[in-house]
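Enquirer: Predicted model follows, preceded by the sequence.
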Amino acid sequence: MNRKEIVNLIKEKARLNRDLENLFYGVIEIRNIDDQQFIYVHYRQDGLGLTKYVGQYSKELFEIIDRNNIQAKYIKKQIKEIDRLLGKLEYNLPIKEDVIFAKDFAKSNLVEIIYRQAILEGIATNYADTETILQGGKIKVYKQKDIISIINLKHAYEFILNSNVLLSPSNFSLLCEINSTICEGITLNSGKIRDVPIEITGSSWRPKLPIESDIRQNIKNILNLSDDYVANALKLMIYICKAQPFLDGNKRSATLFANHYLLSKGKGMIVVPKDKIKGFKENLLEYYEHNNEEKMIEFLKDNCLVTTDDKKLESGTNNESQREI
């Protein structure tokens, strides 16, 4: 099985998981509250026992959940088969120990990583709500687009953390797959090079229309600059940010793309802390307008680079309890 087939399997699994998340299924509970009946469902996901509120009781809604249970069982069977195929493929993969450790580090901190990325994108969430959304819970105060953005980030990180994908090169095709996942259900033509001009908020600078062949070659050139993987990753990230190859999700795509490269080398991740967002945006705008690459890279290296042997991700943000508006 070639890399393209592996990526297709991973994408199909992501699609099935999204279908599953959009279903109300599980053991049905009818709760009596103030002389009214409400339906909840209890189900398991990734070994966790979860509960979802469905709606006010009706016979029709009850029957829908019954049908959903049959559909969910079929979807889970398909996911299990894909996992079996991917498991066989990964069994003898020559993954180095430092890459395995970096992958496990990222997976164990995934909620914190996604939370920080969501804050950077202007989504008014907190750690607890981010965790609830990632576990399939519903929080009514959020816009649907923000909820989809958070879930898409989860799917994108699951994609780059797959062992087969970690062993794949950080190239233009992978960048497009990342953007397609990040922007699914949000932006038309996600994962495709934009062919219209765009503006940058807070700046009079306008990015040029991207040329695919140039972006492909520039990515190769950056990754061949030196044996310093961290330096290459930082240059790669800010290049993608400035090139603005897609209609939407460029910063997110750039970050995940650079993180794929770093993780594949066992070198950690780039994660912007909440208290450094203002500095990040200021330095990024200066880089856009005046091409001050050195200052931008120095900022990222000093404030946003997380290695697997430090504790930068243990920031205490997961203790936040109040929603940020």
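Expert: Received, thanks.

Enquirer: can you give me the helices for this protein?
Expert: 3-21, 59-90, 97-108, 110-120, 127-134, 144-160, 163-166, 172-182, 212-223, 229-243, 250-264, 277-290, 293-303 (DSSP state H).

Enquirer: of all the ones you listed, which lies closest to I33?
Expert: Ranking the helices of the chain by proximity to I33 (CB to CB) places helix 59-90 first, at 15.7 Å. Quick note: C-beta positions are derived from backbone N, CA and C, even for glycine.

Enquirer: what packs against the closest one?
Expert: For helix 59-90, the packing partners by 3 or more CB pairs under 8 Å, 6 or more residues apart in numbering; DSSP states H and E come out as helix 3-21, strand 27-33, strand 36-45, strand 48-56, helix 163-166.

Enquirer: How much space separates the nearest residue to E293 once chain neighbours are set aside from C241?
Expert: Nearest residue to E293 in three dimensions, chain neighbours excluded: Y287, at 6.3 Å (CB to CB, 6 or more residues apart in numbering). From Y287 across to C241, the span is 8 Å (CB to CB, to the nearest Å).

Enquirer: and if you look at K267?
Expert: 20 Å.

Enquirer: just S264 next, same as before
Expert: Separation of S264 from C241 (CB to CB): 20 Å.

Enquirer: G26 now?
Expert: Noted for G26: a distance of 41 Å to C241, by CB to CB.

Enquirer: Also F257?
Expert: In terms of CB to CB, F257 sits 10 Å off from C241.

Enquirer: And for R31?
Expert: 48 Å.

Enquirer: what number of residues lie near the nearest residue to V27 once chain neighbours are set aside?
Expert: Spatial nearest neighbour of V27, chain neighbours left out: H42 (4.5 Å); criterion: CB to CB, 6+ apart. The tally of other residues near H42 (other CB atoms under 10 Å) stands at 12.

Enquirer: I'd like the distance from H42 to A128, if you could.
Expert: In terms of CB to CB, H42 sits 21 Å off from A128.

Enquirer: before we move on, the earlier item: list the residues that contact the residue nearest to V27.
Expert: Going by CB atoms under 8 Å, 6 or more residues apart in numbering, H42 touches G26, V27, E29, G49, L50, T51.

Enquirer: So among those, where is pLDDT lowest?
Expert: Within the contacts of H42, G49 has the lowest pLDDT, namely 68.

Enquirer: Neighbours of V272, how many?
Expert: Around V272 there are 20 residues (other CB under 10 Å).

Enquirer: how about it, what does it touch?
Expert: So V272 contacts R116, Q117, L120, T255, F280, N303, C304 (CB under 8 Å, 6+ apart).

Enquirer: quick one: which two of the residues you listed are the most distant?
Expert: Distance extremes for the contacts of V272: the farthest pair is Q117 and N303 at 15.0 Å, using CB to CB.

Enquirer: So for the two, which sits in the more crowded spot?
Expert: Shown here are Q117 and N303; by other CB under 10 Å, Q117 has more neighbours (23 against 17).

Enquirer: what's the closest non-adjacent residue to that one?
Expert: Closest to Q117 by CB to CB, 6+ apart is L153, at 5.7 Å.

Enquirer: Pretty sure C304 is one of the things K276 touches, is it not?
Expert: Yes. With contact defined as CB atoms under 8 Å, K276 reaches C304; the gap is 6.6 Å.

Enquirer: my guess is S190 meets G249, correct?
Expert: Yes. In this structure, S190 is within contact of G249 by CB under 8 Å, at 7.3 Å.

Enquirer: hang on, the earlier thing: out of the helices and strands packed on helix 59-90, which one sits most buried?
Expert: helix 163-166 (a mean of 19; mean count of other CB atoms under 10 Å).
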